[in-house]
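Novice: Sequence unavailable; structure follows:
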(Lines give C-alpha, C1' and ligand atoms only; values in the text may rest on other atoms or scores of the structure.)
Protein backbone atom coordinates (compact mmCIF):
# COMPACT_ATOMS: atom_id res chain seq x y z
CA UNK A 1 0.00 0.00 0.00
CA UNK A 2 1.44 3.37 -1.03
CA UNK A 3 0.86 6.26 1.36
CA UNK A 4 1.58 9.89 0.49
CA UNK A 5 1.61 12.96 2.68
CA UNK A 6 0.29 16.29 1.37
CA UNK A 7 1.34 18.96 3.88
CA UNK A 8 0.39 22.62 3.82
CA UNK A 9 -1.17 25.46 5.74
CA UNK A 10 -4.50 25.23 3.84
CA UNK A 11 -5.70 28.56 5.24
CA UNK A 12 -8.17 28.06 3.66
CA UNK A 13 -8.24 24.99 1.44
CA UNK A 14 -9.18 25.99 -2.11
CA UNK A 15 -10.12 24.22 -5.33
CA UNK A 16 -6.48 24.00 -6.42
CA UNK A 17 -5.68 22.05 -3.25
CA UNK A 18 -8.72 19.83 -3.82
CA UNK A 19 -7.54 19.13 -7.37
CA UNK A 20 -4.12 18.01 -6.12
CA UNK A 21 -5.70 15.73 -3.48
CA UNK A 22 -8.11 14.24 -6.03
CA UNK A 23 -5.19 13.49 -8.35
CA UNK A 24 -3.15 11.95 -5.54
CA UNK A 25 -6.16 9.89 -4.43
CA UNK A 26 -6.36 8.38 -7.93
CA UNK A 27 -2.65 7.57 -8.00
CA UNK A 28 -2.04 6.30 -4.47
CA UNK A 29 -3.74 3.99 -1.98
CA UNK A 30 -3.76 6.42 0.94
CA UNK A 31 -3.43 10.20 1.03
CA UNK A 32 -2.87 12.03 4.30
CA UNK A 33 -3.56 15.76 4.12
CA UNK A 34 -1.81 17.54 6.99
CA UNK A 35 -2.52 21.12 8.02
CA UNK A 36 0.13 23.07 9.85
CA UNK A 37 0.65 26.48 11.34
CA UNK A 38 3.21 28.20 9.14
CA UNK A 39 4.74 31.11 11.10
CA UNK A 40 6.23 32.50 7.86
CA UNK A 41 2.71 33.21 6.58
CA UNK A 42 1.64 35.55 9.38
CA UNK A 43 -1.46 35.29 11.51
CA UNK A 44 -3.81 32.55 10.24
CA UNK A 45 -7.41 33.24 9.30
CA UNK A 46 -8.65 29.90 10.61
CA UNK A 47 -7.43 27.89 13.59
CA UNK A 48 -5.91 24.48 12.95
CA UNK A 49 -9.11 22.86 14.24
CA UNK A 50 -11.24 24.95 11.87
CA UNK A 51 -8.94 24.10 8.98
CA UNK A 52 -9.12 20.41 9.78
CA UNK A 53 -12.93 20.56 9.77
CA UNK A 54 -12.98 22.48 6.48
CA UNK A 55 -10.53 20.09 4.85
CA UNK A 56 -12.45 17.04 6.05
CA UNK A 57 -15.77 18.37 4.77
CA UNK A 58 -14.20 19.49 1.47
CA UNK A 59 -12.64 16.07 0.84
CA UNK A 60 -15.40 13.86 2.24
CA UNK A 61 -16.09 12.49 -1.26
CA UNK A 62 -12.69 10.76 -1.29
CA UNK A 63 -12.61 7.47 0.59
CA UNK A 64 -8.84 7.05 0.76
CA UNK A 65 -8.03 10.48 2.22
CA UNK A 66 -7.32 11.23 5.86
CA UNK A 67 -6.79 14.63 7.49
CA UNK A 68 -4.50 15.46 10.38
CA UNK A 69 -2.70 18.44 11.91
CA UNK A 70 0.95 18.72 12.83
CA UNK A 71 3.54 21.01 14.36
CA UNK A 72 6.68 18.98 13.73
CA UNK A 73 9.00 18.55 10.78
CA UNK A 74 7.15 17.28 7.72
CA UNK A 75 9.55 14.33 7.48
CA UNK A 76 8.83 13.36 11.09
CA UNK A 77 5.10 13.24 10.37
CA UNK A 78 5.77 11.35 7.14
CA UNK A 79 7.74 8.74 9.08
CA UNK A 80 5.03 8.56 11.78
CA UNK A 81 2.26 7.82 9.26
CA UNK A 82 4.40 5.50 7.13
CA UNK A 83 4.41 7.76 4.06
CA UNK A 84 6.30 6.54 1.03
CA UNK A 85 6.39 10.02 -0.51
CA UNK A 86 5.55 13.65 0.15
CA UNK A 87 3.25 15.23 -2.45
CA UNK A 88 3.32 18.91 -3.33
CA UNK A 89 1.29 20.86 -5.87
CA UNK A 90 2.89 23.21 -8.35
CA UNK A 91 1.13 26.22 -9.85
CA UNK A 92 4.02 28.07 -11.45
CA UNK A 93 7.77 28.04 -11.91
CA UNK A 94 8.13 30.13 -8.75
CA UNK A 95 6.49 27.30 -6.76
CA UNK A 96 8.96 24.82 -8.22
CA UNK A 97 11.96 26.84 -7.07
CA UNK A 98 10.89 26.97 -3.43
CA UNK A 99 9.36 23.46 -3.36
CA UNK A 100 12.47 21.92 -4.93
CA UNK A 101 14.64 23.39 -2.18
CA UNK A 102 12.32 21.96 0.49
CA UNK A 103 12.21 18.60 -1.30
CA UNK A 104 16.00 18.44 -1.40
CA UNK A 105 16.24 19.33 2.28
CA UNK A 106 13.65 16.72 3.21
CA UNK A 107 15.45 14.07 1.17
CA UNK A 108 18.77 15.03 2.73
CA UNK A 109 17.53 14.68 6.30
CA UNK A 110 15.20 11.70 5.82
CA UNK A 111 15.77 9.99 2.47
CA UNK A 112 12.10 10.66 1.64
CA UNK A 113 11.32 11.78 -1.91
CA UNK A 114 8.83 14.46 -2.90
CA UNK A 115 6.56 14.08 -5.91
CA UNK A 116 5.25 17.18 -7.66
CA UNK A 117 1.75 17.31 -9.12
CA UNK A 118 1.08 20.26 -11.43
CA UNK A 119 -2.25 22.04 -11.11
CA UNK A 120 -4.54 22.50 -14.06
CA UNK A 121 -4.41 25.94 -15.63
CA UNK A 122 -7.97 26.67 -14.44
CA UNK A 123 -6.77 26.63 -10.83
CA UNK A 124 -3.13 27.64 -11.20
CA UNK A 125 -3.81 31.20 -10.06
CA UNK A 126 -5.45 30.19 -6.79
CA UNK A 127 -3.63 31.00 -3.57
CA UNK A 128 -5.03 30.98 -0.05
CA UNK A 129 -3.49 34.39 0.60
CA UNK A 130 -5.34 35.93 -2.35
CA UNK A 131 -8.61 34.22 -1.44
CA UNK A 132 -8.38 35.57 2.12
CA UNK A 133 -7.74 39.07 0.81
CA UNK A 134 -10.58 39.05 -1.71
CA UNK A 135 -13.03 37.57 0.83
CA UNK A 136 -11.97 40.06 3.51
CA UNK A 137 -12.92 42.93 1.19
CA UNK A 138 -16.26 41.41 0.22
CA UNK A 139 -15.26 39.83 -3.09
CA UNK A 140 -16.90 36.67 -4.38
CA UNK A 141 -14.63 33.63 -4.05
CA UNK A 142 -17.39 31.00 -4.05
CA UNK A 143 -16.17 29.48 -7.35
CA UNK A 144 -12.60 29.22 -6.03
CA UNK A 145 -13.20 27.25 -2.84
CA UNK A 146 -15.26 24.22 -1.79
CA UNK A 147 -18.79 25.01 -0.57
CA UNK A 148 -17.97 24.54 3.16
CA UNK A 149 -15.15 27.08 2.85
CA UNK A 150 -17.33 29.57 0.95
CA UNK A 151 -19.93 29.32 3.70
CA UNK A 152 -17.34 29.82 6.46
CA UNK A 153 -15.83 32.81 4.66
CA UNK A 154 -19.30 34.29 4.23
CA UNK A 155 -19.94 33.87 7.96
CA UNK A 156 -16.56 35.43 8.79
CA UNK A 157 -16.67 38.35 6.35
CA UNK A 158 -20.30 38.64 5.27
CA UNK A 159 -19.85 37.89 1.58
CA UNK A 160 -17.80 35.06 0.10
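Specialist: Looks like it arrived, so ask away. Source: prediction; values computed, not measured.
Novice: Help me confirm that residue 98 is found in a strand?
Specialist: No: assigned with DSSP: H, G, I helix; E, B strand; the rest coil, residue 98 falls outside any strand and is helix.
Novice: ok, how many other residues are close to it?
Specialist: 10 (other Cβ atoms under 10 Å). For every residue, glycine as well, the C-beta is placed using N, CA and C.
Novice: again, but for the one 4 residues further on
Specialist: Counted with other Cβ under 10 Å, residues neighbouring residue 102 total 14.
Novice: before we move on, what about residue 153?
Specialist: So residue 153, with other Cβ under 10 Å, has 27 neighbours.
Novice: Begin at 602 from now on, thanks
Specialist: With 602 as the first residue, the last one maps to residue 754.
Novice: doesn't residue 746 make contact with it?
Specialist: Yes: with contact defined as Cβ atoms under 8 Å, residue 754 and residue 746 form a contacting pair (7.0 Å).
Novice: Give me the contacts around stretch 701-721.
Specialist: 605, 617, 620-621, 624-625, 674-676, 679-680, 684, 686-692, 697, 700, 727 (Cβ atoms under 8 Å, 6 or more residues apart in numbering).
Novice: pLDDT below threshold where in this structure?
Specialist: Applying pLDDT under 70 to the chain picks out residues 640, 642, 760-761.
Novice: As a check, name the ranges of all helices in it.
Specialist: Assigned by DSSP state H, the helices in the chain fall at 616-628, 649-659, 675-682, 694-711, 729-737, 748-758.
Novice: Output those as JSON lines; include the columns distance to residue 635.
Specialist: Output for the helices of the chain, formatted as JSON lines (distance: least, Cβ to Cβ, whole Å):
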{"stretch": "helix 616-628", "distance to residue 635": "11"}
{"stretch": "helix 649-659", "distance to residue 635": "9"}
{"stretch": "helix 675-682", "distance to residue 635": "6"}
{"stretch": "helix 694-711", "distance to residue 635": "13"}
{"stretch": "helix 729-737", "distance to residue 635": "15"}
{"stretch": "helix 748-758", "distance to residue 635": "18"}
